[in-house]
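Q: next come a sequence and a model predicted from it.
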Amino acid sequence: MKMFSAPKSLLGDLDTEATAALITAAADIALIIDDTGIIRDLACSSEELALSLEGQESWLGRAWMTTVLKDSRPKVESILREASAKAEPRWRHLNQLAWNGDGIPILFAAMQVGAQGRIVVFGRDLRPVAALQQRLVEAQQAMEREYSRLRYAETRYRLLFQMASEPVLVVDSASLRIVEANPPARQLFGGGRQAVGLPLADIFHAEGMEAVQSLLATVRSSGKGDEVRARLATGDGHVLVSGSMFRQENSSQFLLRLAAPQADSNDIVLAPAKARLLKLVEGAPDAFVVTGPEGRIFTANAAFLELAEMGSEEQVQGEQLDRWLGRPGVDVDVLMANLRQRGSVRLFATTFRGEFGASAQVEISAVSVMNAGQPCFGFAIRDVGPRLSAEPRTALPPTRSVEQLTELIGRVPLKDLVREATDAIERLCIEAALELSGDNRVSAAEMLGLSRQSLYVKLRRYGLGDLAGNGGDQD
């Protein structure tokens, strides 16, 4: 402990009041204890600490040892013993009793002053330090939890990366060197060859590398690009390369996915014929579209895009077909139900709505096929608007012809003529709906905007359908 060099000349004129003020200001709490360990006086520089301590007014005349928690009493004895022996003061952590019975952490040191053996005890409130320590511990625990989460996530993604069946490469965007390659990629590039660190140009043939560089330039500028076909440097094999871009730390990297190479494209005998067929479908004047089992579009030809008033195939991919075809939730659902039951539909008449309000009468022929274990539907859509109106396809004639209704004018009230004409049109509409839906009364009711019960009433009224059986009540 370093003492003042000239205390008498500089501090010798201080009186007791000034000395008490200095002691109070120097500590959060100060105690004056006699040689028997009894508290004779105390002072607090902090009002909040004074309110927290247990009945400090009653401490006077009590042993200091009785105002602390039991685990701190041996430390009190040690502090008083060292102060009585005039040893160098040492700071010790004690838990002083609070008003609610808890302990308040205070750092105490003591020294004996005067000839009567009085001891002055200085205390520093440790609660701000304890709060900081608690916040530090909580921050460390939060960091550990975050590090654990990141480690687990990295382990999962690395496991997925290693177990992926397709070759996958991680390539540095600046140097175009391979950062990581999964086992299928290493096998693709020549057995157990070490691919990490190799330039990407060593993996592909010169012509294939040009296509890959074009793909990477597109990905770098727009974030995505169409897959390209590239020839491998190890032989005549080809792969389909697709890529995306991501950032790691302060660098950008490419994630390249390679489709399994084909040994020889000529092994597929029907490939040229199918290619010609696809070109014919793409250039056909009738619209053609392929959807999934839920009606979302996979691909569409140029005629469909023209009919839908869309600019590119990407704009319709993933959209529901009933966005343009028929009444939403009715016509496409009827088509789907018939395709699932029968496998094909022919000459289904409905309307087609363009994106900007154009409307056309169309006929649809559709077929259901399996693709990778899942059904997909192909729709051939023909615009029949330019055709002349066809004759009604009803099996039964209307109640009266137009000529017959004309002859009745003047002899039959107008309301009776209107009622009979309405009945004739209503019957024609119901027969057409039943024919279009394959006699599925639920679908026919939806197409007509009627409830099932209302449709049954009208069927009985016009004597249509076999109401005694259940064959036409299909869901």
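A: Received it, and whenever you're ready, just let me know what you need.
Q: how about the host helix or strand of Val345: buried residues?
A: Secondary structure assignment for Val345, by DSSP states H and E: strand 344-353. If you call a residue buried by 16 or more other CB atoms under 10 Å, then strand 344-353 has these buried ones: Val345, Phe348, Ala349, Thr350, Phe352, Arg353. Using the backbone N, CA and C atoms, a C-beta is placed for each residue, glycine as well.
Q: then the one helix or strand Ala380 maps to to CSV, C-alphas only?
A: Per DSSP H and E: Ala380 is located in strand 374-383. What follows is strand 374-383 as a C-alpha-only set of coordinates in CSV (Å, rounded to 0.1, in the frame of the first residue of the first chain):
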residue,chain,number,x,y,z
GLN,A,374,-46.5,-39.0,-61.2
PRO,A,375,-49.3,-38.2,-63.6
CYS,A,376,-49.0,-35.2,-65.9
PHE,A,377,-51.6,-33.9,-68.3
GLY,A,378,-51.2,-32.6,-71.8
PHE,A,379,-53.8,-30.3,-73.3
ALA,A,380,-54.3,-29.5,-77.0
ILE,A,381,-56.3,-26.3,-77.3
ARG,A,382,-57.9,-25.2,-80.6
ASP,A,383,-59.5,-21.9,-81.2
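Q: and Ala259, how close does it get to Arg118?
A: For Ala259, the distance to Arg118 equals 91 Å [CB to CB, to the nearest Å].
Q: no wait, Arg73
A: Where Arg118 is concerned, Arg73 sits at a distance of 21 Å (CB to CB).
Q: before we move on, the earlier item: just checking, what packs against the strand holding Val345?
A: The contact analysis (3 or more CB pairs under 8 Å, 6 or more residues apart in numbering; DSSP states H and E) places strand 344-353 against helix 331-342, strand 359-371.
Q: nearest to Ala153, of those?
A: For the helices and strands packed on strand 344-353, proximity to Ala153 was assessed by CB to CB; strand 359-371 is nearest, at 34.0 Å.
Q: note down every partner strand of that closest one and its orientation.
A: The partner list of strand 359-371 in its sheet, established with DSSP bridges, is strand 344-353 (antiparallel), strand 374-383 (antiparallel).
Q: and that strand, how far out from the chain middle?
A: With CA atoms, centre = their mean, to the nearest Å as the basis, strand 359-371 stands 34 Å off its chain's centre.
Q: longest helix anywhere in this protein?
A: Among the elements of type helix in the chain, defined by DSSP state H, the one spanning the most residues is helix 127-163.
Q: same for that one, what does it pack against?
A: For helix 127-163, where contacts count as 3+ CB pairs under 8 Å, 6+ apart, the packed elements are strand 103-113.
Q: so where do the helices sit in the stretch 151-300 of the chain?
A: In the stretch 151-300 of the chain, helices defined by DSSP state H, counting those that start in this stretch lie at 183-188, 206-222, 271-283, listed in chain order.
Q: which residues are contacting the first one?
A: Meaning helix 183-188. By CB atoms under 8 Å, 6 or more residues apart in numbering, the list of residues contacting helix 183-188 from outside reads 162, 164-169, 192-195, 232, 239, 258, 261.
Q: now do 7 Å
A: Identification of contacts with helix 183-188 by CB atoms under 7 Å, 6 or more residues apart in numbering yields Gln162, Ala164, Ser165, Glu166, Pro167, Val168, Leu169, Gly192, Arg193, Ala195, Leu258.
Q: count the neighbours of Trp99 for me.
A: For Trp99, the number of neighbouring residues by other CB atoms under 10 Å comes to 12.
Q: and it, how far from Leu49?
A: Here Trp99 is placed at a distance of 11 Å from Leu49 (CB to CB).
Q: one more: Leu325?
A: The spacing between Leu325 and Leu49, counted by CB to CB, is 79 Å.
Q: higher neighbour count, the two?
A: Leu325 (25 against 19).
Q: so that one makes contact with Phe352?
A: Yes: taking CB atoms under 7 Å as the definition, Leu325 is a contact partner of Phe352 at 5.9 Å.
Q: show me the domain layout of the protein.
A: By the assignment in automatic domain parsing, the chain contains the domains 16-125, 164-264, 268-390, 392-475.
Q: next, format those as CSV and append mean pLDDT and distance to Leu136.
A: Shown next, in CSV, are those (pLDDT from 0 to 100; distance: least, CB to CB, whole Å):
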stretch, mean pLDDT, distance to Leu136
domain 16-125, 82, 16
domain 164-264, 78, 27
domain 268-390, 81, 50
domain 392-475, 73, 66
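Q: tell me which of those lies nearest to Val137.
A: Taking CB to CB as the criterion, domain 16-125 is the member of these that comes nearest to Val137, at 14.9 Å.
Q: endpoints of the closest one, how far apart?
A: Its first and final residues considered, domain 16-125 spans 25 Å by CA to CA, to the nearest Å.
Q: and that domain, how far out from the chain middle?
A: Domain 16-125 has its average C-alpha position 59 Å from the chain's average C-alpha position, going by CA atoms, centre = their mean.
Q: what do you get for stretch 111-130?
A: Between the mean C-alpha location of stretch 111-130 and the chain-wide mean there is a distance of 60 Å, by CA atoms, centre = their mean.
Q: and stretch 361-376, by the same measure?
A: For stretch 361-376, the distance to the chain centre is 31 Å (CA atoms, centre = their mean).
Q: ok, now stretch 138-145?
A: Put simply, stretch 138-145 sits 25 Å off its chain's centre (CA atoms, centre = their mean).
Q: could you measure from the residue most central in space within the chain over to Gly237?
A: For the chain, the residue nearest the mean C-alpha position is Ala153 (15.7 Å; CA atoms, centre = their mean). The span separating Ala153 from Gly237 equals 34 Å under the rule CB to CB.
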